[in-house]
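>>> Fold the following for me, if possible:
(one chain, ligands or ions: 1)
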Amino acid sequence: MSINTDPQIPGVPDAAWIEKLANELFSALPDETPKPVLSPHLEDHPRMEKMLNLIVPGFSKAPAAPEGFQLSDPQTSLADPHFADGKVPPSATGVGVSPAGAVRSYTPSPQDIKPPVTAPAHPFEVNESVFKPYQFDHRQEIELKHILAAISNFEKLPQIPANAFHGADPAYYFLQNTPQPITQSPGVSGFNVDLIRQDFPVFNERVNGKPLIWLDNAATTQKPRQVIDRVSYFYEHENSNIHRAAHELAARATDAYEGAREKVRQFLNARSVNEIVFVRGTTEAINLVAKTWGDQNLVAGDEIILSHLEHHANIVPWKQLADKKGLKIRVIPVDNDGQVILAEYASLLSHRTKLVSFTQVSNALGTITPARQMIEMAHAAGAKVLLDGAQSVSHLRSDVTGLNCDWFVFSGHKVFGPTGIGVLYGKEDLLNATQPWQGGGNMIVDVTFEHIQYHKAPSRFEAGTGNIADAVGLGAAIDYVSKIGIDAINQYEHYLLEYASSRMQVIPGLRLIGTAKEKASVLSFVFEGFRTEEVGSALNREGIAVRSGHHCAQPILRRFGQETTVRPSLAFYNTTSEIDVLVDTLYRLRRGRN
Ligand code: PLP
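Residues are numbered from 1 along each chain as shown. Next up, the predicted model:
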């Protein structure tokens, strides 16, 4: 059973109705002052334990708080500052902080709650024999079924299994903010979207009174608790500048930072940590290559090949360089599905081609380019290759050694890590043969007024104090993704994309832009009779975040006769239920216009 948050769907109880019913039920129980159900903390209701005891004799709710703590008031708990009425309690804004010496509040931790006998205890430990992925009821749905049954037919109520209240979700809530589980099993094993979603605090947010549906993943991804906590931990326990001091915190910070570099190395399958340069993001990485290697090695008449799919970040630095040095930019065309035309690419390659720079996944259309083949073709012509991995790292396995690209670039925030941190991978010899870009501390071996000796890579490209904490956070994001498994992610997202495409392409007046056979994540479209901003705003009213605009990829949109599109984009924490809300909203919009 699902809690319906859309009161317009007939025959399914909506959230407000269930809340009202629960309040009526509690008020009807004798002897206690009614306390309205406003927040997700149903089990904290004074009458709840009593009622559950009627249903399951001996049932006991959350564990008692340890000595020195008191159970936090659900209405002021910092752990859950947003409530069904949309109000933020004063403590969340910093006004209601407990005075010194007050009893510390206590929210039961997952460890305090008895794990289910059969339910998976953790997203990465799915007991497949019992829980098929995407196919188990939420704990609160089980509760609700029995409450509703009790209202209509208390006598005949069946026994609730003892573990029913110790479901996979350790949080106490009544009306869950996250969307319902998807109902169709894509047959992906070892992956449980409901459990994964619990790692992302942002999914407790409501937007315009609706549960947040984040379909703007190509712009940036949401962060799991593990990343948020790791960055906080750094500032609480390790914060120091790196490499340059002999004290304990400098050692901790350096270990954490260099540990993150090793995680990136493994994630990309690079040969050495010396090939991993921390930068601000994809944009800075491409600029770095253009303004170092490009400036130092390219001469008038040389040619750079880009694909028509490129993000502005992979066009502007090369155009600036071309204008400065008299280079020629050539563009690989795409077909009407948005796929690069390899025969045309082959005909552009020549001895004049010094660089091919292209994206592995298009941010505007979702096209996956045949990177391995394109790299081979470029190398056969004697050109170097930069692969833009901004849109691929979160969806596909990255293998810089297998792909044999010369540079690979990505941003941490696109792969569930922090903003302001990204990576330039470069082959070690190539990096060491390239002169630095920015000068300053950290990148030199020795400085006199007459002579400067630079470090080898990666330090030679990391002048000044970098974004240490967020590099560490990126390491945590990589751990997170690796634990779920990029192949499981890829398989699940493929299912989601097919589901979304099949539902969207039959909506009257909707045209998908970008229909490549090999696609990832992105569902760009235009909707006849509507401006893209109008669609974006209508979706926002339903709590759905999508991008509408040119996506910093004007050339490819113009290739399809568009200045802007609406662009939902998926990640592994999205569900088919969310896609259903998107599709239903688009249908409603259509009906309103007809
Ligand atoms: N390249 C591609 C394919 C992108 O999608 C993006 C951002 O959307 C970028 C480059 C630029 O990334 P950033 O803004 O994180 O530097």
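>>> So Leu557 is in contact with His550, correct?
Yes: in terms of CB atoms under 8 Å, Leu557 counts as a neighbour of His550; the distance is 5.7 Å. Where you see a C-beta, it was placed from the backbone N, CA and C, and this is true even at glycine.
>>> Report the set of residues contacting both of these two.
Both Leu557 and His550 are in contact with 563-564, where contact means CB atoms under 8 Å, 6 or more residues apart in numbering.
>>> Count the residues that sit near the closest residue to Ala477 other than its chain neighbours.
Nearest in space to Ala477, with sequence neighbours left out and distances taken as CB to CB, 6 or more residues apart in numbering, is Gly417 at 3.4 Å. Using other CB atoms under 10 Å, Gly417 has 33 other residues around it.
>>> which helices and strands does the host helix or strand of Tyr492 pack with?
Using DSSP states H and E, Tyr492 maps to helix 486-504. In terms of contacts (3 or more CB pairs under 8 Å, 6 or more residues apart in numbering; DSSP states H and E), helix 486-504 is packed against strand 510-512, helix 576-593.
>>> Give me the helices and strands touching the shortest one, please.
Other helices and strands packing on strand 510-512, by 3+ CB pairs under 8 Å, 6+ apart, are helix 486-504, strand 525-527.
>>> ditto for the last one
Applying 3+ CB pairs under 8 Å, 6+ apart, one finds that helix 576-593 makes contact with strand 213-214, helix 486-504, strand 525-527, helix 532-541, strand 544-545.
>>> how about low-confidence regions in the protein?
Residues of the chain that meet the criterion pLDDT under 70 lie in 1-190, 594.
>>> How about the residues of it by the ligand?
Residues of the chain lying close to the ligand (CB under 6 Å from any ligand atom) are 281-283, 311, 313-314, 359, 363, 388, 390-391, 411.
>>> Gly543: what's it in contact with?
206-213.
>>> any idea how far it is from the ligand?
According to CB to the nearest ligand atom, to the nearest Å, Gly543 stands 23 Å off from the ligand.
>>> Count the neighbours of the closest residue to that residue other than its chain neighbours for me.
Nearest non-adjacent residue to Gly543, counting by CB to CB, 6+ apart: Lys210, 3.1 Å away. Using other CB under 10 Å, Lys210 is surrounded by 19 other residues.
>>> List the beta-bridge partners for Lys210.
Beta bridges link Lys210 to Val207, judged by DSSP bridges.
>>> Could you spell out which stretches of this structure belong to which domain?
What automatic domain parsing lists as the domains of the chain is 213-223+485-593, 227-483.
>>> Gln296 touches Thr434, doesn't it?
Yes: applying CB under 8 Å as the test, Gln296 and Thr434 come out as touching, 6.7 Å apart.
>>> Break down the stretch 151-300 of the chain into its helices, ranges please.
Ranges of helices within the stretch 151-300 of the chain are 193-197, 225-233, 248-268, 282-289, 295-297, based on DSSP state H, counting those that start in this stretch.
>>> a markdown table please, covering the ones you listed and showing distance to Tyr425.
Compiled in a markdown table, these are given as follows (distance: least, CB to CB, whole Å):
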| stretch | distance to Tyr425 |
| --- | --- |
| helix 193-197 | 27 |
| helix 225-233 | 21 |
| helix 248-268 | 6 |
| helix 282-289 | 9 |
| helix 295-297 | 18 |
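>>> Which of those has the highest mean neighbour count?
Scoring the helices of the stretch 151-300 of the chain by mean neighbour count under mean count of other CB atoms under 10 Å gives helix 282-289 as the most buried, with a mean of 24.
>>> Summarise which helices and strands that one is packed against.
For helix 282-289, the packing partners by 3+ CB pairs under 8 Å, 6+ apart come out as strand 276-279, helix 316-325, strand 384-388, strand 407-411, strand 422-426.
>>> May I see the buried residues of the shortest one?
Buried residues in strand 276-279, counted by 16 or more other CB atoms under 10 Å: 276-279.
>>> residues touching Arg225, list them.
Taking CB under 8 Å, 6+ apart, we find Arg225 in contact with 199-201.
>>> With the ligand as the reference, measure out to it.
22 Å.
>>> Start at 408, not 1
Let's use 408 as the start, then, which means that last one is Arg632.
>>> Only alpha carbons, please: show stretch 758-765 as PDB.
Extracted C-alpha coordinates of stretch 758-765, given in PDB (Å, rounded to 0.1, in the frame of the first residue of the first chain):
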ATOM      1  CA  HIS A 758      48.400  14.900 -39.100                       C
ATOM      2  CA  ARG A 759      47.300  18.500 -38.200                       C
ATOM      3  CA  THR A 760      45.100  17.100 -35.300                       C
ATOM      4  CA  LYS A 761      46.900  17.600 -32.100                       C
ATOM      5  CA  LEU A 762      44.100  17.200 -29.700                       C
ATOM      6  CA  VAL A 763      40.700  15.500 -29.500                       C
ATOM      7  CA  SER A 764      38.600  16.600 -26.500                       C
ATOM      8  CA  PHE A 765      35.100  15.200 -26.000                       C
END
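>>> Can you list the buried residues in it?
Buried-residue list, stretch 758-765, by 16+ other CB under 10 Å: 759-765.
>>> cool, stretch 770-790 as well?
Within stretch 770-790, the residues scored as buried using 16+ other CB under 10 Å are 770-778, 781-782, 784-785, 788, 790.
>>> With stretch 610-628 instead?
Applying a neighbour-count criterion of 16+ other CB under 10 Å, one finds 610-614, 617-626, 628 buried in stretch 610-628.
>>> Point me to the residue of the stretch 458-607 of the chain nearest the ligand.
In the stretch 458-607 of the chain, no residue comes nearer to the ligand than Phe607, which is 19.8 Å away by CB to the nearest ligand atom.
>>> just checking, next helix/strand downstream of the longest strand along the chain?
In the chain, with assignment by DSSP state E, the single longest strand is strand 760-766. Downstream of strand 760-766, the next assigned helix or strand under DSSP H and E is helix 778-787.
>>> Of all the residues in the stretch 858-1001 of the chain, which one is nearest the ligand?
Closest to the ligand within the stretch 858-1001 of the chain is Cys959: 6.1 Å, counting by CB to the nearest ligand atom.
>>> did I read that right, that residue in a helix?
No: assignment of Cys959 by DSSP: H, G, I helix; E, B strand; the rest coil gives coil, placing it outside any helix.
>>> Please name the residues that touch it.
718-720, 770.
>>> Need these in JSON lines (columns: secondary structure).
Shown next, in JSON lines, are these (three-state DSSP):
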{"residue": "His718", "secondary structure": "coil"}
{"residue": "His719", "secondary structure": "helix"}
{"residue": "Ala720", "secondary structure": "helix"}
{"residue": "Asn770", "secondary structure": "coil"}
